[in-house]
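Peer 1: Provided below for reference: sequence and predicted model.
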Amino acid sequence: MRGILNMNFDTDIKCLYGVGPKKAELFNKMGIFTLGDLCYHFPRAYENRGNVIKVEDAQDGQISSFIIKMVTDPYIVVRNKKMTLAKMVGHDDTGKLTLVFYNNPYIKDSIHINGTYRVYGKVKRVRDNSEMVNPVYELVNPIKELMPFVPVYPLTQGINQKFMMSTIKLALDTVLSANISGVVDYIPYEVKKENNLADISYALQKIHFPNDYDEVKRARKRLAFDEVYLFSIRSMLTGNKEKNVPGAIYDISSSTKFLQSLPYKPTNAQTRTMREIATDLKSGRRMSRLVTGDVGSGKTLCAAFALFLALENGQKSVLMAPTEILARQHFISLSKMFEGFGYECLLLVGATPAAQKRKILQRLLQDEPVLVIGTHALIEDSVSVNNLGLIVIDEQHRFGANQRDKLRNKSKSCHLISMSATPIPRTLALVLYGDLDISTIDEMPPGRQVVDTYYVNEDYRERIDNFILKNVKEGGQVYIVCPSVEEEETIECEGGYSISLDMLEQFLDYKEKPKLKAAVNYSEELSRRFPELKVGFIHGKLKSKDKEKIMEQFVKGDLDILVSTTVIEVGVNVPNASLMIIENAEFFGLSGLHQLRGRVGRGDRKSYCILVSDTKNPNTMERLNILKNNHDGYMIWNIAVQEILLPSLERKVGKVVMQI
Amino acid sequence: MAEIIGDRDLLYNATAAAKSFLESDPNFETKEGRALKNQLINLDQKYAFS
C-alpha cells in the first residue's frame, strides 16, 4: 500500500483497504479504476432516513423511518428448505412495530432485544398493527451519529450499497486528506464567487454525504457547472483541430436524382442544409456537421440525402438511433426511399437474432455499398465496417461522448452528421459544439397543424377523463406520459447528477416525497377506470420484443390509450394519436415537453396536449406556460432566453456572453 | 447534455467563464490552469475526446 500522502485522484483503487483484485475487477467493470473515479461515482438517489416519525403516524404503503427499541429477540420460523422467516417486535412511545425478514436467519446475530435501532422501509398496516418487511436497520449508537441522508449508488453484481458507500468514503477521505489544502480547485475564486459556487472539496463531500437537500443542491450546482465548464474549454481547444482532418471527396452530381425522386418540395431550410452537406462532402475535408431542427422540421430528409450520396460514391453508410423504436421507424422509411435506387438497408439492433446478425456482420465486411440502421448494437466491438463513408447519429445528445467516438473510430476518415431535435439557438450551439459545423433547419413544412395545449392541475381530473373518452369515441388514440416506471420510494434520475436543477427545485419544493404517476401502476388504474377502453403500457425496462408488440398494437389501433415513460419522446409516429397527456409535467424539461407534444398532431385529426401539474414553483409554472402559449421550438427557446435568461445574464456576466 | 441545457443560467455562465478563463490563461500557467489541464487530460483519457 502506498503512503497516504502520495495518493491522489489518479491512484489505483487497489491501494485502498478492502479492495483486492476481485473487487477491483468488479469496479473496473463499472468504469472505476482510480480514486478519482470513485469520488466521481455519484449517487443516483438518496434515502431520507433522518426524517423519523412515530409508529402511530405510520401509513400503509409509505416509506418511513422509525427509531424503535426491540422488545423481543428474532423468532425464526423455517417454512421449508427454501424459506426461513424471522419476526421480531419493537416499539417507540406511541406504538408497536413488527419487523419481518425473509431468508435471513443470521438476523438473530444483528438485532437483539433491548437494542435501539433506526429502521427504514415500506410500512404495511395489518389491522391495527404496523409491519415492515426486510427493512434497513441501523443500531442507534450514542457515540456515532447516524447519517440523515443515505446515498443510493448504481451498482454491479458483487458490490452492495454498503461496500460501495464505505469504499467511496475511504477514497474521499484519502484524497481530501492527502493534501493539506484538499484537492486543488481549477475554478478561479472570482468565478466561484460570482456564480455562488461551492469549493470542489465541499461539492465532492456533500454529493455523497449530505446532511440535507440544500447541501445536495449546492454540490450538484457546482458539479454541473464543472461539467459544462470543462466541456466548453475542451470544445474551444479542439474546435479548429477537428475541422481540418482530410476526408473522402464525393461526386455530388447525383444530388438532382435524389431531389427529383421526392414526392414533395423540400423547405428552403432543408435545401440550404442539403447544400451545406454537399459542399462539405466535395471539399476533401472530413465532414463533422450538427443538424439541428425542431420536431417535424425534416432533419431525416437531409440525413437521407447525405446517406444517399455516400452510397452513390460506393461507400457504406450507418445511421445510429437511440432507441429501437426509432431505429425501426428509420429502417421502414429509408428502405422505402432507397428501394427505387437499388440500395439495400439492413437493421441491426440488440434484438436482432444471432443468425441474422452474423449475416449482417459478414455483409458489412464486404465492399458493396449498403445502409445499416441500428442502435447501440452498432458500436459493439464485433461490428466492423469495411469501406465506411458516412455516419449519421440521430438524437446525438442521447449518446455519451465515448459511444459516439466508438462508432466514429470504426473509420477515422468517415464523414459525420449529428442530428438534434433540441432547438437550441445557433449561438449557443456554436459554444456547445465548437468542434462541429452547424446547420439549422428553422422552418417547418407547410400545413403542419398546431397542437392546442392546456396547463391544468389535479382539480381538472374529471374533465381530463371525459376528454379522453370523447377523443377515443371520435376514433382517436391517447398517449399518457408518466415520469417514472413503477411507484418508487425515491426519485431516480437517469445519468446520475445530470438532473436539471429545475427538476431538483421541484424535488426540494415538495419537502416530502412527491407522489409521482408511474406508468405501470397508472395503466392498471386506468384499466379499472375505463373498463371499456383498451389500455397498454410501455417503458424502457420492457424487453425489446414486448415493446415492439405494444407499439405495433398501438400503431394498428388495437390500443386506445398508451401509458408510457419518455421512451416515446423521440421518433414515434402514430398519425391517429390526437391527445397527449403529460402527468407531473413539472418533472420534465422544456425541450422534453416540446418533444413529447410533437408525438401528436402528425395526422389529420385535431390534436391536443394537456400538461398536468400541481406545482407551486413560479419558475416551473412560467416554464409550463411558455410551452402552453408557444408551438415553435425556436420561439420557445427565444422566450425562455428573453424572459428568464437575459435578465440574469446582464446581471451576472454582461457583455461577455453577448459576444459569444 | 440535454438535462444541462435545461439549466440555462448555469449553461451560459459556465461557458462564459470558460471563454474568459481561456483568454486570461491560454497556456494554463496559473495554479487553477495547471489543475484544469490535469482535469482535461483525465477527461480525454476517459472519453477519448481528441
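Peer 2: Cool, the structure landed.
Peer 1: Residue 39: neighbour count?
Peer 2: No chain specified, so I'll use chain A. 22 (other CB atoms under 10 Å in any protein chain shown). Using the backbone N, CA and C atoms, a C-beta is placed for each residue, glycine as well.
Peer 1: try chain B instead
Peer 2: Look at B:Gln39: counted by other CB under 10 Å, it has 20 neighbours.
Peer 1: other SSEs contacting the helix or strand where it lies?
Peer 2: When elements are defined using DSSP states H and E, B:Gln39 is found to belong to helix B:31-47. Applying 3 or more CB pairs under 8 Å, 6 or more residues apart in numbering or on different chains; DSSP states H and E, we find helix B:31-47 packed against helix A:213-242, helix A:401-408, helix B:8-24.
Peer 1: Which SSE is immediately downstream of the second one?
Peer 2: From helix A:401-408 onward toward the C-terminus, using DSSP H and E, the following helix or strand is strand A:415-420.
Peer 1: helices and strands around that following strand, which ones?
Peer 2: Here strand A:415-420 is seen to pack against helix A:268-281, strand A:288-293, helix A:299-312, strand A:388-393 when contacts are counted using 3+ CB pairs under 8 Å, 6+ apart.
Peer 1: Just name the most buried of those.
Peer 2: Per residue and on average, the most neighbours among these fall to strand A:388-393, with a mean of 26 (mean count of other CB atoms under 10 Å in any protein chain shown).
Peer 1: re the thing from before, how about the helices and strands packed on strand A:415-420, which one is nearest A:Ala171?
Peer 2: Evaluated with CB to CB, the helices and strands packed on strand A:415-420 place strand A:388-393 nearest to A:Ala171, the distance being 34.4 Å.
Peer 1: Skipping its backbone neighbours, what lies nearest A:Val600 in space?
Peer 2: Leaving aside its sequence neighbours, A:Val600 sits nearest to A:Ser607 (CB to CB, 6 or more residues apart in numbering or on different chains; 4.1 Å).
Peer 1: buried residues in the strand ranked longest in chain A?
Peer 2: Using DSSP state E, we find that the single longest strand of chain A is strand A:116-126. Within strand A:116-126, the residues that count as buried by 16 or more other CB atoms under 10 Å in any protein chain shown are A:117-121, A:123-124.
Peer 1: Likewise for stretch A:349-358?
Peer 2: Applying a neighbour-count criterion of 16+ other CB under 10 Å, one finds A:349, A:352, A:357 buried in stretch A:349-358.
Peer 1: Let me have those residues in JSON lines, extended by distance to chain B.
Peer 2: As requested, these are arranged in JSON lines below (distance: CB to the nearest CB, whole Å):
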{"residue": "A:Val349", "distance to chain B": "22"}
{"residue": "A:Thr352", "distance to chain B": "27"}
{"residue": "A:Lys357", "distance to chain B": "26"}
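Peer 1: Out of these, which is nearest to A:Phe331?
Peer 2: For A:Phe331, the closest of these turns out to be A:Val349, at 8.9 Å, with distances computed as CB to CB.
Peer 1: can I assume A:Ile107 is in contact with A:Thr84?
Peer 2: No: at 9.5 Å, A:Ile107 and A:Thr84 do not qualify as touching, with contact defined as CB atoms under 8 Å.
Peer 1: Need the overlap of contacts for those two.
Peer 2: Applying CB atoms under 8 Å, 6 or more residues apart in numbering or on different chains, one finds that no residue jointly contacts A:Ile107 and A:Thr84.
Peer 1: any weak-confidence spans in chain B?
Peer 2: Within chain B, the stretches with pLDDT under 70 are B:1-8, B:43-50.
Peer 1: Got the domain ranges for chain A?
Peer 2: Each structural domain of chain A that the record assigns through automatic domain parsing is listed here as a residue range: A:4-46+A:152-227, A:50-146, A:243-441, A:452-629, A:634-660.
Peer 1: could you give the mean pLDDT of the longest one?
Peer 2: In this model, domain A:243-441 has an average pLDDT of 86.
Peer 1: For the stretch 551-660 of chain A, which segments count as strands?
Peer 2: Assignment of strands within the stretch 551-660 of chain A using DSSP state E, counting those that start in this stretch yields the ranges A:561-564, A:577-582, A:608-612.
Peer 1: Please report how far A:Gly540 lies from A:Glu324.
Peer 2: Here the criterion is CB to CB, to the nearest Å. By it, A:Gly540 lies 10 Å from A:Glu324.
Peer 1: who has more neighbours, the two?
Peer 2: Between A:Gly540 and A:Glu324, counted using other CB under 10 Å, the more crowded position is A:Glu324 (22 against 13).
Peer 1: quick one: contacts for the more buried one?
Peer 2: Residues counted as contacts of A:Glu324 (CB under 8 Å, 6+ apart) are A:349-351, A:375, A:544, A:547-548.
Peer 1: Chain neighbours aside, what residue packs nearest to it?
Peer 2: Counting by CB to CB, 6+ apart, the nearest residue to A:Glu324 once its immediate chain neighbours are dropped is A:Val349, at 4.9 Å.
Peer 1: cool, and A:Gln205?
Peer 2: Nearest non-adjacent residue to A:Gln205, counting by CB to CB, 6+ apart: A:Leu172, 6.4 Å away.
Peer 1: Quick check: phi and psi at the closest residue to A:Asn625 other than its chain neighbours.
Peer 2: When the adjacent residues along the chain are set aside, A:Asn625 lies closest to A:Tyr455, with 6.3 Å between them (CB to CB, 6+ apart). In this entry, A:Tyr455 is assigned phi and psi values of phi -120, psi 110 (degrees, to the nearest 10).
Peer 1: I'd say A:Tyr455 and A:Ile581 touch.
Peer 2: No: in this structure A:Tyr455 lies outside contact range of A:Ile581 using CB under 8 Å: 11.8 Å.
Peer 1: what sits in contact with each of the two?
Peer 2: Among the neighbours of A:Tyr455, those also in contact with A:Ile581 (CB under 8 Å, 6+ apart) are A:Ile610.
Peer 1: who has more neighbours, the two?
Peer 2: Shown here are A:Tyr455 and A:Ile581; by other CB under 10 Å, A:Ile581 has more neighbours (25 against 20).
Peer 1: From A:Val555, how far out is that one?
Peer 2: For A:Ile581, the distance to A:Val555 (CB to CB) stands at 19 Å.
Peer 1: Send me stretch A:410-417 as CSV with only the CA atoms.
Peer 2: Coordinates of the C-alpha atoms in stretch A:410-417 are reproduced here as CSV (Å, rounded to 0.1, in the frame of the first residue of the first chain):
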residue,chain,number,x,y,z
LYS,A,410,-14.7,2.3,-36.8
SER,A,411,-13.3,4.5,-39.7
LYS,A,412,-11.2,7.5,-38.8
SER,A,413,-11.8,9.4,-42.1
CYS,A,414,-15.5,8.9,-42.5
HIS,A,415,-17.9,11.8,-42.6
LEU,A,416,-20.2,12.5,-39.7
ILE,A,417,-23.7,14.1,-39.3
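Peer 1: which residues are contacting that stretch?
Peer 2: With CB under 8 Å, 6+ apart as the criterion, stretch A:410-417 contacts A:245-248, A:277, A:280-281, A:286-291, A:302-303, A:306, A:310, A:315, A:383-385, A:388-393, A:408.
Peer 1: what do you get for stretch A:145-153?
Peer 2: Judged by CB under 8 Å, 6+ apart, the contacts made with stretch A:145-153 from elsewhere in the structure are A:41, A:43-51, A:118, A:138, A:140, A:161, A:164-165, A:168, A:208-213, A:216, A:490.
Peer 1: So for that stretch, what gets flagged as buried?
Peer 2: When neighbours are counted by 16+ other CB under 10 Å, the buried residues of stretch A:145-153 are found to be A:146-153.
Peer 1: Okay, now that stretch: how far is its last residue from its first?
Peer 2: End-to-end distance for stretch A:145-153, by CA to CA, to the nearest Å: 21 Å.
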